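[1] generate a structure from the sequence data that follows.
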Amino acid sequence: MLFTDSVFIGIDPTSGRKSFTYAALDKDLNLLALTDGEMEDVTAFLAGQSSATVAVNAPSGVNRGLVREKIKKEMLTPHQVRGAEFRMAEYELREHGISVSGTPATAALCPAWMQLGFELYRKLGKMGFQKYPEKDSAYQILETHPHASYCVMAGQVPLAKPSLEGRLQRQLILYEHGVRIKDPMEFFEEITRHKMTKGIWPMDLLYLPEQLDTLVAAYTAWLAVNKPDHIYNIGDAKEGLIVLPEKELKEKY
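    Numbering: from 1, shown residues only. Below you'll find the predicted structure:
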């Protein structure tokens, strides 16, 4: 069933200022919230929602050796897969030319942001969130990947995320897909010769890189519920599927 009052939330555990950055969209893609906070802030926000689909920019679990099994089965050399410390989803993304980091086989070897993601998944599970797709549940959770999402939405590898050009590109991609955020083209309308000579740039019209990552996650959550035929699941369910906001993938990006 479709819950018409659903909120679609993207969560990123790699924010530099606080543990999490998160964004929320309503069913019409209006921006309801965009902020950062600690675990208790995120869970308190989610607890206040009558229905929510959450997309997390972090692995849902460690790798279970499926890529290593593939190496043995197909008699590939480690060089051919550039190491085997990847989940199947990560390996397949790299096969498409989308560079993503791998997930170790044990939580202790994972970087802090991944471990924080694992903790978030556990807490949301205890709160009643079900793994997507669970149509009869008002609370669903899925895994996505911001860089891979922008690759498939742009049809190519986007410009560097921290750069001005990369931020403009990502914000414009979201805006063109109907997310009701600030129009990044207004950035150029605010630029004058006088402001440039004074070093005044309208940076308040642009979102921070981590905010853009949460926004694309929230959009992916919205798409997964409202247009499930417009998403692509990559990987193996045994290790965790990554949901991407595009129905097909190009051979190479």
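[2] who does the residue nearest to Y132 when sequence neighbours are not counted form a beta bridge with?
    Leaving aside its chain neighbours, Y132 sits nearest to L142 (3.9 Å; criterion: C-beta to C-beta, 6 or more residues apart in numbering). Yep, even glycine has a C-beta here, placed from its N, CA and C like the rest. Here L142 shows beta-bridge partners A55, assigned using DSSP bridges.
[3] poorly predicted segments of the stretch 1-150 of the chain, please.
    Low-confidence segments of the stretch 1-150 of the chain (pLDDT under 70): 1-4, 15-16, 75-84.
[4] that one: strands as residue ranges?
    Along the stretch 1-150 of the chain, counting by DSSP state E, counting those that start in this stretch, strands occupy 7-12, 20-25, 31-37, 52-56, 130-131, 139-143.
[5] make a markdown table from the ones you listed and add distance to P162 and mean neighbour count to it.
    Converted to a markdown table, these look like this (distance: least, C-beta to C-beta, whole Å; neighbours: other C-beta atoms under 10 Å):
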| stretch | distance to P162 | mean neighbour count |
| --- | --- | --- |
| strand 7-12 | 14 | 27 |
| strand 20-25 | 15 | 27 |
| strand 31-37 | 17 | 16 |
| strand 52-56 | 22 | 27 |
| strand 130-131 | 32 | 16 |
| strand 139-143 | 24 | 24 |
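[6] could I get those strands as a markdown table with distance to E119?
    Formatted as a markdown table, the strands of the stretch 1-150 of the chain follow (distance: least, C-beta to C-beta, whole Å):
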| stretch | distance to E119 |
| --- | --- |
| strand 7-12 | 12 |
| strand 20-25 | 11 |
| strand 31-37 | 14 |
| strand 52-56 | 11 |
| strand 130-131 | 17 |
| strand 139-143 | 13 |
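[7] need the contact list for A44.
    A44 makes contact with no residue, according to C-beta atoms under 8 Å, 6 or more residues apart in numbering.
[8] wait, Y139
    Contacts of Y139 (C-beta under 8 Å, 6+ apart): 51-54, 124, 127-130.
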